[in-house]
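>>> coords below, sequence missing:
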């Protein structure tokens with residue numbers, strides 16, 4: 001799904017005012033232990049410790065891009081149907097498990113396989 005940079009048309013950002021975005025109940029301003037990669041690449045996209053306001057903004061941006069992707073896929077499916085596409089098309093989306101911070105943690109990079117981004 002979305003990756004840096006999270007850029008979408010303004011109409012999608014308007015769907016998710018950051019002040020209305022809910023953070024997971026397990027939100028933490030700092031990662032609970034130092035794995036040696038807390039200040040690299042994606043982890044530098046926001047200041048440490050993480051603030052609720054910053055996390056709401058990043059999550060709102062993420063949701064906006066997800067909504068744009070959803071609309072674009074729908075548009076493509078409409079075109080297939082309009083052109084007489086045979087049967088039901090199969091869509092395949094190779095992806096990671098999503099951003100761990102969307103599940104409430106403060107880590108932004110998916111460098112290891114963890115199920116934390118799949119839980120809410």
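Sure thing, it's come through. In this text the structure is predicted, and so the values were computed from the model without any measurement.
>>> Could you list every helix and strand in contact with the top helix by length along the chain?
Counting residues, the longest helix in the chain under DSSP state H turns out to be helix 52-82. Secondary-structure packing of helix 52-82 (3 or more C-beta pairs under 8 Å, 6 or more residues apart in numbering; DSSP states H and E): helix 10-13. Glycine gets a C-beta too; all of them are placed from N, C-alpha and C.
>>> contacts for the helix it packs on?
Helix 10-13 is contacted from outside by 60-61, 64-65, 67-68, 71, using C-beta atoms under 8 Å, 6 or more residues apart in numbering.
>>> give the contact list for the spatially closest residue to residue 53 that is not a sequence neighbour.
Take residue 53 and drop its neighbours on the chain: the residue closest to it by C-beta to C-beta, 6 or more residues apart in numbering is residue 18, 7.2 Å away. Contacts of residue 18 were listed using C-beta under 8 Å, 6+ apart, and they are 53, 56-57, 59-60.
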